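**Student:** With the sequence up front, the predicted model follows.
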Amino acid sequence: ESTPPQNRTVTLRLHFIRHGETQANLENVVAGHMDSPLTELGIRQAQAVGRYGQLPRTYRRSYSSDLNRASMTAQIMLHELSSRRTATTDQHRHHDPPPKDS
């Protein structure tokens, strides 16, 4: 049984990003768990976060809600950040960078 190293500092950086504008946002409707599609502006917002946001290109993991507005925002953002492969689970979407040999 090994013991953990003494005085070891681990840094965890989290980025919380809200989904892009949705049709419900335009209609002043609180969507909650009801899904609403991204508007053209919402798509451009997600693209801008990936292109110009202060996000590291070396993301290790990205998680989003399984609602389309959130998962589409994450996929668009990550596509703009760099090409990524996306795996979907039943409870959430998990976005991983491609393997090193890609």
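**Tutor:** Done, it's in. Residues are numbered from 1 along each chain as shown.

**Student:** CA atoms for contacts and neighbours, from now on please.
**Tutor:** Will do.

**Student:** Spell out for me which residue occupies the centre of the chain.
**Tutor:** A74 (3.4 Å; CA atoms, centre = their mean).

**Student:** In this protein, what helix or strand scores lowest on average pLDDT?
**Tutor:** Here the helix or strand of the chain ranked lowest by mean pLDDT, DSSP states H and E is strand 85-88, holding a mean of 38.

**Student:** before we move on, the earlier item: so in terms of bridging, what pairs with the closest residue in space to the residue nearest to the centre of the chain that isn't next to it in sequence?
**Tutor:** Counting by CA to CA, 6 or more residues apart in numbering, A74 lies nearest to S64, which is 6.7 Å off, once chain neighbours are set aside. According to DSSP bridges, the partner residues bridging S64 are R93.

**Student:** from memory S64 sits against M77, does it?
**Tutor:** No. Taking CA atoms under 8 Å as the definition, S64 is not a contact partner of M77, at 11.6 Å.

**Student:** show me where this protein has helices.
**Tutor:** Assigned by DSSP state H, the helices in the chain fall at 23-26, 40-52, 68-81.
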